[in-house]
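Trainee: sequence first, predicted coordinates after that:
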Amino acid sequence: MRPTCCTSRGNAWTYCPWWGDTSMQKQRGVVVYSVSPFRQRGSKAVIQRLAIQRLQASCCPRYGTYTWAKRRDAWQNSKAGHLALGGHH
């Protein structure tokens, strides 16, 4: 696909400048919406709480696996583990 400098919208041709090009006049019809900083503060606490819960939920299975593996390794390297697995000590 070949990049072009013009796009077709119906019957009109519109020039699309490179991203960040400030040498042109502002385009008409561009609407920008934003949220007030006072409205954002309430959602900050919710986002932080969800992030902490997600971190805790992902760490619990990892810690459980880690402790299980340490106990199993210690048991396999013990005299009882060698005898139970049919090996010799």
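Mentor: Yep, it's here.
Trainee: for the protein, longest helix please?
Mentor: Of all the segments assigned as helix in the chain under DSSP state H, the longest by residue count is helix 37-76.
Trainee: where in this protein is pLDDT low?
Mentor: Within the chain, the stretches with pLDDT under 70 are 1-18, 20-27, 40-41, 88-89.
Trainee: the same query, at a cut-off of 90, please.
Mentor: 1-64, 81-82, 84-89 (pLDDT under 90).
Trainee: what element comes up after the longest helix of the chain heading to the C-terminus?
Mentor: Next along the chain after helix 37-76, taking DSSP states H and E as the criterion, comes helix 79-84.
Trainee: which elements pack onto that next one?
Mentor: The elements that helix 79-84 packs onto, with contact taken as 3 or more Cβ pairs under 8 Å, 6 or more residues apart in numbering; DSSP states H and E, do not include any helix or strand. For the C-beta atoms, the positions are set from N, CA and C on the backbone; glycine is no exception.
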